[in-house]
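J.: Give me the fold of what follows.
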Amino acid sequence: MKKFAVLLSGAGVFDGSELHEAVLTLLSLTQAGVSYQCFAPNIEQMHVVNHLTGEVAVGEHRNVLVESARIARGDIKATDELDVQAFDGLVIPGGFGAAKNLCNFAVVGSECEVAPSVQAFIAEFVEANKPVGFICISPVMIPKLYGEKAKGTIGHDSETAHAFNLMGGEHVDANVEQIVVDEGRKLVSTPAYMLAENIAQAHIGIDKLVKKVIELA
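T.: Prediction:
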């Protein structure tokens, strides 16, 4: 049985992992007969957002690993616990946590950097030539991780696509149900809630992405 790692960034669309995307990823992996292990960096969130009001909760602090454990039902490991040889690939759901906690794209755009613990974690899969799937906004990390001309998509938002290209990547416009595959790098991406209007639409692209990363493994 193949086994995949799933990298989470908290719990909640505005400051962590997008919950629908995370759960759909786990569901698609399971339905494909693949086991998984969730991971998250043991770092503090950029900030905490009240998901009822959309406002930043002043003075509140949360840990990315602790919050991600909510999605994983407690079965989660810190990124520095990775044994990459135990896994066939990696999938990274989106949500603003990917752009706030895994990297700082939400703050500085194309000048962003990937968090050191996250960079080290993903680099192990890249260096081992294992497939990685990026969902929603998480593909903004692709140029920083894979270098010049790495292909990916965040859908067709022109400003984000421009930033992707400025970082050295090669952005490919895609619709919600499509995936973009960089075969040489074993790299797959899909827009999901960058474009999806409901959970059913998000599921189409995520399921295709999961099937493709399994195939590439």
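
J.: CA atoms for contacts and neighbours, from now on please.
T.: OK.

J.: Show residues contacting stretch 65-81.
T.: With CA atoms under 8 Å, 6 or more residues apart in numbering as the test, stretch 65-81 has contacts from 8-11, 16-17, 19, 22-23, 37-43, 117-118, 121.

J.: For the most centrally placed residue in the chain, which residues are in contact?
T.: Taking CA atoms, centre = their mean, the centroid of the chain lies closest to residue 92, which sits 2.7 Å from it. Going by CA under 8 Å, 6+ apart, residue 92 touches 6, 7, 8, 132, 133, 134, 135, 138.

J.: list the helices and strands the helix or strand encompassing residue 142 packs on?
T.: Residue 142 is part of helix 142-146, with elements assigned from DSSP states H and E. Helices and strands touching helix 142-146, by 3 or more CA pairs under 8 Å, 6 or more residues apart in numbering; DSSP states H and E, are helix 116-127.

J.: any idea how far the helix it packs on is from the chain center?
T.: 13 Å (CA atoms, centre = their mean, to the nearest Å).

J.: Check stretch 210-217 too.
T.: Centre-to-centre, stretch 210-217 and its host chain are 15 Å apart (CA atoms, centre = their mean).

J.: buried ones in it?
T.: Neighbour counts over stretch 210-217 (16 or more other CA atoms under 10 Å) mark 210, 212, 213, 214, 216, 217 as buried.

J.: Nearest to residue 99, out of these: which one, please.
T.: Distance to residue 99 across these (CA to CA) is lowest for residue 210, with 21.1 Å.
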